[in-house]
Structures are given as C-alpha cells and as structure tokens.
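Q: Starting from these lines, generate the structure:
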Amino acid sequence: MRFQEAGLSFSTSVLMIPRKKPGRLDDVRSNGWLDAMKSSSPPSRKVQKGADVEDFSDDAKGVYSSWMFKYPSALNSFQKIISHAKNKKIVIFLDYDGTLSPIVDDPDRAFISADMLSAVRDVAKHFPTAIISGRSRDKVYQLVGLTELYYAGSHGMDIMLPIRNELYTNGSLIKSTDQQGKEVNLFQPAREFLPMIDEVFRALVDKTKEVKGAKVEHHKFCASIHYRNVDENSWPIVAQCVHDVLKEYPRLRQTHGRKVLEVRPVIEWDKGKAVEFLLESLGFRNSHDVLPIYIGDDRTDEDAFKVLRGRYEGYGILVSAIPKESNAIFSLRDTSEVKEFLVSLAKTMAKQEI
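A: Residues are numbered from 1 along each chain as shown. Predicted structure coming up:
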C-alpha cells in the first residue's frame, strides 16, 4: 500500500502483520516519557464538558476559582483588552485543534463549524489573522479554506506569505503557488529534513501497526503518533516504538501534545518563533505599534504565549476547562467561548468603523 502524502493520516489498527516487538519498556519508563504522556493528556471529554463549575466538589471549586483569578476569562476582560489595543494594530493568531475545532477521537474529523468559520472570516476582515497548527499547512488550509488568512503548519515550520512580502530575501523564502494558483512565498526553515521525516513516518507506521487504536500522521515537517484511542495499558508500547525509531535519528526530537507524541527536527524553531517571524513580516518591528493576541489550547502554544508576554506585550489566551499552569494571560473554557470572543472582536471593530 502506498503511503499518504503530508497532511493525511494512516490508521494502524487495521494492519496485523507480524513484526518485531519494540525494545525494552524500561527505556521509556526511565526517561520520563510515560509521566509526560500522562501529564499532557487531559481528562476525558465528558469531564471537560461537564459542564458547570457548580458540579465540582468544594475543593475543586476553590482550585478552579484560584486558577481563574490567575487566568481571568478573556470574555470578562474584553474591555480591558480593547482598551489596551487603543492606537495599536491587533493581529490574531489561532491554533486549530482544541481552539477552532473541538478535540475529537479521530483527528481527520476535527471539522470547524460554520459559525466558527464565519467568526474567523469576520475577524480577518479587520485584523491580520493567522492559523498556526501542528498539522501540515495544506491540511489546515483544506479544513478552513479561507484565502484571506496566513497559514503556518508543522508548528510554524511551513509558513505561507503573500508574494509582496520581501522581508527575508536571503534565500529563506521559496516562490510557490497557493491552491488558487496565486504566487506566494513559503518560509520553511526545516526544509532539509523532508526526506528524513518521510523515512521516520514510514518507520513509525511499521512499528505501531499492531497497537490497536494508534494513528500516525504525516505533517510534512513533523510526524504525530496519536494514542487517544489506545488503551492506557498500551501507552508504554507506543512510547517505546517512538523511542526505538528515534534512536536512529539524532537530529530529530520527540515532544508531547494532548494524547499525541510528535517527532520534529532539532532546530531552534517553534510556534513562538513563527509568531515573531509573521509579526516582522507584517511590518511590526516596533512592538509599540501592535497588540498580538494568540489563542491556543496545547502545550506547543506555550512558546507563543511566552513570546507575547515578552517583547510584544501581547495577550496569550489559553483554551482550557481545567486548571493548568500556562504562560498565557487570559483563558477561555472551550471552542464556544473562542467563537464568542472572536465575534465580539469583529463587532467592536465594525462599530468603530461606522
């Protein structure tokens, strides 16, 4: 069977071809991978959606109230955000999974709703808007389909810019065409790793093919191994499979997301670097001229939150229904609150333009 190109996934639960078992599970127990997998995996969706804080125990209510004091609701703080944006240009950065689309068991079915799509479109009418995702850039574009946005896939290692943007002229930009045939610039700092990621993707598919529920995705500049549908008793096997593959690739590293292990190049690049690159590409070298707002839910978004807290004095907004430490300033509970926040931004700007 031919392997899929970047952005498509390969379900491993249907292949039962005999294979060599992974190495000793002591490897991933001793290096802390299993602990990291558990800590980066939120409670089940039923618990997260469990609706009201009133349903929590008294202790849980206290913890949640303290957390909300530290990371107040971006909706309740909306006027403060707007006031801080006076005489500045707002730039919006959005994660995709868990931010514009709810987390679902099958990542191929993480569709954006019509209402959310409308909210993003309206925001993009008033502010430069970018989606920065761990997915491949092509896959994110396929899911969203709005031509007026900037797209950065593979955790910012694959950024598409308008052809008029000539800030980086040292050979880092590649001329290409988008899905409509328009000329664009691509910034791909990890381009040399493409053949290596292809090899690793094939190796991971082979290694995990007997692990029921495991799913490997090719995101062009990185690969993801989802264990959301894997029995927790088999998580060590998944981790060991990844460990065994990476032993042969010292220039690649493994990171953790929400019930996903990700393999990416060892380069100094992440979502925070992508945010800096996009802001400078948009002409905002002076941090006093811009208010960047980044909305995301995952550990990989923390690099962007950190950048915004520093030089640009922007706002990171964490999407989470459960307390957890973050570099964000504000919080939103779920995708419905993200939509409400975006709608409020667009409406406020529309009123100011009347």
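Q: Would you mind identifying the next helix or strand past the worst-scoring helix or strand of the chain on mean pLDDT?
A: Lowest on mean pLDDT, DSSP states H and E among the helices and strands of the chain sits helix 45-49, with a mean of 43. Counting by DSSP states H and E, the element after helix 45-49 in chain order, helix or strand, is helix 58-70.
Q: what about the following helix or strand past that following helix, average pLDDT?
A: Downstream of helix 58-70, the first helix or strand assigned by DSSP H and E is helix 78-84. Helix 78-84 comes out with an average pLDDT of 95.
Q: Give the buried residues for stretch 347-354.
A: In terms of neighbour count (16 or more other C-beta atoms under 10 Å), stretch 347-354 has its buried residues at T348, M349. (Glycine included, C-beta is placed from N, CA and C.)
Q: change the start of the numbering to 16 and stick with it
A: Let's use 16 as the start, then, which means that last one is stretch 362-369.
Q: got a list of contacts for that stretch?
A: I97, H141, F142 (C-beta atoms under 8 Å, 6 or more residues apart in numbering).
Q: change it to 10 Å
A: Contacts to stretch 362-369, defined as C-beta atoms under 10 Å, 6 or more residues apart in numbering, come from residues F93, Q94, I96, I97, A100, I105, D137, V138, K140, H141, F142.
Q: Let me see the mean pLDDT of that stretch.
A: 78.
Q: got it, and stretch 167-182?
A: In this model, stretch 167-182 has a mean pLDDT of 79.
Q: Tell me where the stretch 116-265 of the chain has strands.
A: Ranges of strands within the stretch 116-265 of the chain are 144-147, 165-168, 173-177, 188-192, 198-202, 230-233, 238-241, based on DSSP state E, counting those that start in this stretch.
Q: Is it possible to get TSV of those that adds distance to G329 and mean neighbour count?
A: Formatted as TSV, these follow (distance: least, C-beta to C-beta, whole Å; neighbours: other C-beta atoms under 10 Å):
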stretch	distance to G329	mean neighbour count
strand 144-147	13	25
strand 165-168	16	25
strand 173-177	18	21
strand 188-192	25	13
strand 198-202	21	18
strand 230-233	30	26
strand 238-241	28	25
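Q: related to what we said a few turns ago, just the buried ones from the contacts of stretch 362-369?
A: Applying 16+ other C-beta under 10 Å to those flags F93, I96, I97, A100, I105, D137, V138, H141, F142 as buried.
Q: Could you measure from the third one over to N301?
A: The one in question is I97. 21 Å (C-beta to C-beta, to the nearest Å).
Q: Also the fifth one?
A: Going from I105 to N301 by C-beta to C-beta gives 15 Å.
Q: Name the single longest helix found in the chain.
A: helix 350-368 (DSSP state H).
Q: Now G171: closest residue in space that isn't a chain neighbour?
A: Once flanking residues are discounted, G171 sits nearest to A289: 2.6 Å by C-beta to C-beta, 6 or more residues apart in numbering.
Q: For my notes, confirm that neighbour occurs in a helix.
A: Yes. Looking at A289 with DSSP: H, G, I helix; E, B strand; the rest coil, it is inside a helix.
Q: residues in contact with the residue nearest to the spatial centre of the chain?
A: The centre of the chain sits closest to S148, judged by C-alpha atoms, centre = their mean, with a distance of 3.9 Å. Contacts for S148 (C-beta under 10 Å, 6+ apart) come out as 109-112, 114-115, 154-156, 158-159, 166-171, 173, 234, 286, 311, 313, 315.
Q: 6 Å instead, please
A: Taking C-beta atoms under 6 Å, 6 or more residues apart in numbering, we find S148 in contact with Y111, V155, G168.
Q: in the sheet, who's paired with the last one?
A: Looking back up the chat, that one is G168. D173 (DSSP bridges).
Q: Distance-wise, check it relative to I282.
A: Using C-beta to C-beta, G168 is found at 15 Å from I282.
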